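*Asks:* Got a sequence here, can you build the structure:
(one chain, ligands or ions: 1)
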Amino acid sequence: MAARLLDGVSVATAIRAEVAPGVAGFTSKRGRPPGLGIVLVGNDPASEVYVASKLKSAGEAGLRADLHRLPAAASLADLMAIVDQLNENDACDGILVQSPLPEAMGVDAERRVFDAVRADKDVDGFHPINVGRLVQNRATLVACTPSGVIELLERSQIPIAGKRAAVIGRSDIVGKPMALLLLHRHATVTVCHSRTANLAHVVSDADIVVAAIGRPGFVTRDFIKPGAVVVDVGTTPVSDRATIERLFPPGSKRREAFERRGQLVVGDVHPDVAEVAGALSPVPGGVGPLTIALLLKNTLLAAQARASV
Ligand code: NAD
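*Replies:* Coordinates of the predicted model:
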C-alpha cells in the first residue's frame with residue numbers, strides 16, 4: 001500500500017496564516033513591522049534562490065526584510081561589520097546569514113559569524129545560547145528545518161511520545177536539533193551518521209525516520225519498518241543522469257522534469273520507500289516550504305520577545 005503523503009505545503013500555509021495576525025498586531029502596536037536582515041555573500045546559485053524565496057515570503061507576511069549583499073571576495077571582517085550593524089539596529093529583530101559562506105573566508109567563518117549574531121536576533125537558532133536552551137527544552141528560537149519537521153508531524157497527527165525515532169545525520173543545523181526536539185516530545189531517539197555500523201538495521205527499528213544527509217536516494221526500502229513514518233529532509237541538486245535513472249522510472253513525473261530541466265533536486269529517501277512506509281514527507285513538497293514558514297514565525301517571536309524586554 002502506498003504511504004500517506006505528509007503535505008508540507010498546506011502545513012506551511014497554515015503556519016503563515018497564524019503568523020499574519022501576530023505581525024499585524026506587532027506592527028500596529030510598535031509602529032513598524034518586525035524586521036529581518038538577510039546577509040548574502042557571493043552568488044552561489046542555490047543561495048540566490050533560497051534568499052529570493054525568503055525575501056518574497058517575508059514581504060508577503062508583512063515583515064520588513066532587507067537584503068545586505070557582499071561580493072564573494074569580501075573578507076570575514078566585512079561580513080562581521082554588517083552583522084554588528086544589524087545587531088545594533090533596533091528595527092532589525094532577526095538576522096540570517098545565508099550559508100554556505102565562500103570557502104576563502106576560512107573553515108571556521110560560519111561558526112564565528114553565527115556566534116557573532118545577537119542571540120535574541122538569531123532566527124536561525126544557531127547561536128550557542130539558543131542551542132543550549134534547546135538542550136534544556138526552553139528555547140524560543142530553534143533551527144527552522146527541524147522545527148518544521150515537528151510541525152509537520154504534529155499537525156499531521158503523527159504520535160511522537162513513546163515512539164522509536166532514528167535521525168540520520170548529526171549536523172548542528174538539522175540532525176542534532178532534530179534529535180533534541182524529538183527527545184523533548186518523549187521519543188526514544190537514535191542519532192545515526194556516516195560511521196554508524198549496520199545503519200539499515202538500526203534504522204529499521206524506528207517508527208519515525210528523519211533523513212538529513214544529502215545523499216540522493218540513500219535510504220532504501222530495506223531501511224524502513226513497514227508502516228513507519230519517514231521524513232525526507234535531503235535536498236541535493238542532481239544533474240547526473242545515472243542517479244536519476246536509478247531513482248525514477250521512465251515516464252514518471254520526476255523523470256520528465258529532469259528531461260526538461262537537466263537537473264532535479266532529489267531527497268535522501270528512495271521513492272520505493274513509499275511502498276513500505278505508512279507516511280512519507282516527500283521532496284519536493286515536504287519539509288522545504290516549512291523551513292521558510294518557520295523563519296517567518298521565528299522572526300515574529302524574536303520581535304515580540306525583544307519588544308517585551
Ligand atoms: P551536513 O553535510 O552538514 O551533514 C550531513 C550529515 O549526514 C552528517 O552528520 C553526516 O554524518 C551524515 N552522513 C553523511 N553521509 C552519510 C552516510 N552515508 N550515512 C549516514 N550518515 C551520513 O548536511 P545538513 O546541513 O545537515 O543537510 C542535510 C541535508 O538536508 C542536505 O541535503 C541539505 O541540503 C538538506 N537540508 C534541507 C533543508 C530544507 O529546508 N529542506 C534545510 C537544511 C538542510
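*Asks:* State the helix or strand in which the closest residue to residue 62 other than its chain neighbours lies.
*Replies:* When the adjacent residues along the chain are set aside, residue 62 lies closest to residue 23, with 4.3 Å between them (Cβ to Cβ, 6 or more residues apart in numbering). (C-beta placed from N, C-alpha, C; glycine too.) With elements taken from DSSP states H and E, the one containing residue 23 is helix 8-30.
*Asks:* Same check on residue 256?
*Replies:* With elements delineated by DSSP H and E, residue 256 resides in helix 253-261, which encompasses its position.
*Asks:* Likewise for residue 92?
*Replies:* When secondary structure is defined by DSSP H and E, residue 92 falls outside every helix and strand.
*Asks:* Spell out, range by range, the helices that occur in the stretch 51-200 of the chain.
*Replies:* With DSSP state H, counting those that start in this stretch applied, the stretch 51-200 of the chain shows helices at 76-88, 109-116, 128-135, 144-155, 175-184, 199-203, listed in chain order.
*Asks:* Which residues does the longest one contact?
*Replies:* Judged by Cβ atoms under 8 Å, 6 or more residues apart in numbering, the contacts made with helix 76-88 from elsewhere in the structure are 37, 39, 41, 68, 70, 92, 95, 97, 101, 105-106, 109, 112-113, 116-118, 121.
*Asks:* which of the residues you listed count as buried?
*Replies:* Neighbour counting over these (16 or more other Cβ atoms under 10 Å) leaves 37, 39, 41, 68, 70, 92, 95, 97, 101, 105, 109, 113, 116-118, 121 as the buried ones.
*Asks:* and the residue in the stretch 51-200 of the chain positioned nearest to the ligand, how many neighbours?
*Replies:* Using Cβ to the nearest ligand atom, the point where the stretch 51-200 of the chain gets nearest to the ligand is residue 171, with a distance of 3.1 Å. If you count neighbours by other Cβ atoms under 10 Å, residue 171 ends up with 15.
*Asks:* mind listing what the nearest residue to it once chain neighbours are set aside touches?
*Replies:* Excluding the flanking residues, the one nearest residue 171 by Cβ to Cβ, 6+ apart is residue 212, at 6.9 Å. By Cβ under 8 Å, 6+ apart, the residues touching residue 212 are 145, 167-169, 171, 174-175, 178, 233-234, 268.
*Asks:* Same check on residue 74?
*Replies:* 41-42, 102, 105.
*Asks:* Now do it against residue 234, distance only.
*Replies:* Distance of residue 74 to residue 234, given as Cβ to Cβ, to the nearest Å: 30 Å.
*Asks:* residue contacts, residue 287?
*Replies:* Residue 287 is in contact with 8, 145, 148-149, 152, 231-233, 281, counting by Cβ under 8 Å, 6+ apart.
*Asks:* with those in mind, which one is nearest to residue 240?
*Replies:* When the contacts of residue 287 are compared for distance to residue 240 (Cβ to Cβ), residue 232 comes out closest, at 19.0 Å.
*Asks:* any idea which of the contacts of residue 212 has the most stuff around it?
*Replies:* The most neighbours, when the contacts of residue 212 are compared by other Cβ under 10 Å, belong to residue 167, which has 32 neighbours.
*Asks:* looking at it, it is touching residue 180, isn't it?
*Replies:* No. Applying Cβ atoms under 8 Å, one finds residue 167 not in contact with residue 180, separated by 9.6 Å.
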